[in-house]
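Q: All I have is the shape, not the residue letters:
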């Protein structure tokens with residue numbers, strides 16, 4: 001896919017970036033991940049029901065830092081977008097077993113139109129459908145005659161040797177403009193630049209659907225931004241921007257460390273809709289899980305994330321990869 005680099009210039013204490021057109025249907029795995037405090041190696045994901053030990057907050061010392069606090073400065077955002085590189089995309093929307101097709105026909109009382117790939121004519125249409133089913137997608141800037149009509153009239157295509165249960169494939173034809181402006185916008189701004197023992201600093205992160213169609217954004221625990229750890233650019237250190245994560249998702253601070261579920265959720269965004277979350281930058285003297293949330297020192301920090309989004313489940317996806325940077329000045 002074509003990558004379109006977008007850099008948002010430094011404008012006071014706000015920044016934003018925009019991402020291409022139509023992620024992915026959410027997964028539903030549920031594994032618990034133990035995360036060690038700032039500066040410790042990342043833990044691996046244990047199987048469901050198991051735990052991985054990490055130092056607890058009660059035994060961890062507060063990291064060294066300026067006890068008087070910091071200022072949040074020089075906030076900026078950059079982004080890269082994986083967007084459409086062709087006007088037309090033919091993709092597999094669903095796959096069913098023969099038994100599932102029969103059950104669906106019984107449920108609806110409608111006989112589904114099923115064609116073997118060998119029955120599809122003319123040859124360019126058959127080749128496009130073969131590519132879509134075998135590779136997952138077929139892309140082109142022009143359509144062979146008869147492809148649109150075939151997709152609109154045939155419910156399922158079969159006839160491919162496979163060991164999978166799904167032998168009957170439903171197709172979707174999507175038209176996208178490679179030159180259209182991006183649809184998803186990522187923004188960030190400073191709400192409170194001063195980080196002091198009596199008054200934490202504050203940042204806001206946001207996603208906006210700037211397009212004309214509803215979007216579905218794939219997100220993990222505590223959607224849409226997850227647990228927002230910011231990493232030091234020049235050191236192997238990080239800290240957690242704070243909000244009440246435990247009230248919002250499968251997220252827990254325990255005696256053995258931080259635990260979160262590896263889950264997936266879909267965040268729908270209507271045209272023009274914005275979802276925003278506020279995060280506190282706690283001071284070095286904080287007693288709120290300090291081994292995670294206390295900044296390790298002054299310096300430049302960054303948050304990176306990739307947002308997958310799509311118009312609907314099964315349609316071609318795009319990715320918006322963002323990086324947020326800011327300075328903590330002593």
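A: Here it is on my side, so go on. Model, not experiment: these values are computed from the prediction.
Q: could you say which helix or strand contains residue 308?
A: Applying DSSP states H and E as the criterion places residue 308 in strand 299-310.
Q: tell me the mean pLDDT over that strand?
A: The average pLDDT for strand 299-310 rounds to 94.
Q: So what are the sheet partners of that strand and their directions?
A: According to DSSP bridges, strand 299-310 has the following sheet partners: strand 215-219 (antiparallel), strand 229-232 (antiparallel), strand 318-329 (antiparallel).
Q: Got the domain ranges for this protein?
A: Domain assignment of the chain by automatic domain parsing yields the ranges 3-83+179-329, 88-175.
Q: returning to what we had before: only the buried residues of the strand holding residue 308, if you could.
A: 299, 300, 301, 303, 305, 307, 308, 309, 310 (16 or more other CB atoms under 10 Å). The C-beta positions use only the backbone N, C-alpha and C, and glycine is treated the same way.
Q: Nearest to residue 191 among those residues?
A: Minimum distance to residue 191 across the buried residues of strand 299-310 is 15.5 Å, recorded for residue 303 (CB to CB).
Q: residue contacts, the closest one?
A: Shown in contact with residue 303 (CB atoms under 8 Å, 6 or more residues apart in numbering): 228, 229, 230, 231, 241, 323, 324.
Q: so residue 300 touches residue 231, yeah?
A: No: the pair residue 300 and residue 231 fails to qualify as a contact (CB atoms under 8 Å) at a distance of 9.8 Å.
Q: by contact count, what packs against the helix or strand where residue 260 lies?
A: If you go by DSSP H and E, residue 260 is part of strand 257-262. Of the remaining helices and strands, those touching strand 257-262 by 3 or more CB pairs under 8 Å, 6 or more residues apart in numbering; DSSP states H and E are strand 31-35, strand 251-254.
Q: Can you get me a residue count around residue 90?
A: Using other CB atoms under 10 Å, residue 90 has 24 other residues around it.
Q: Okay, it and residue 252: tell me how far apart.
A: To residue 252, residue 90 is 44 Å away according to CB to CB, to the nearest Å.
Q: Below-threshold pLDDT in this protein: ranges please.
A: Residues of the chain meeting the criterion pLDDT under 70: 1-68, 163, 313-314.
Q: quick one, phi/psi of the closest residue to residue 214 other than its chain neighbours?
A: Of all residues not flanking residue 214 in the chain, residue 270 sits nearest, at 5.4 Å (CB to CB, 6 or more residues apart in numbering). Main-chain torsions, residue 270, degrees, to the nearest 10: phi -80, psi 160.
Q: for the one 5 residues further on, same thing?
A: In terms of degrees, to the nearest 10, the main-chain angles of residue 275 are phi -110, psi 130.
Q: what's the answer for residue 264, then?
A: Backbone torsions of residue 264, given as degrees, to the nearest 10, read phi -130, psi 140.
Q: just checking, it touches residue 224?
A: No: assessed by CB under 8 Å, residue 264 is found out of contact with residue 224, at 11.4 Å.
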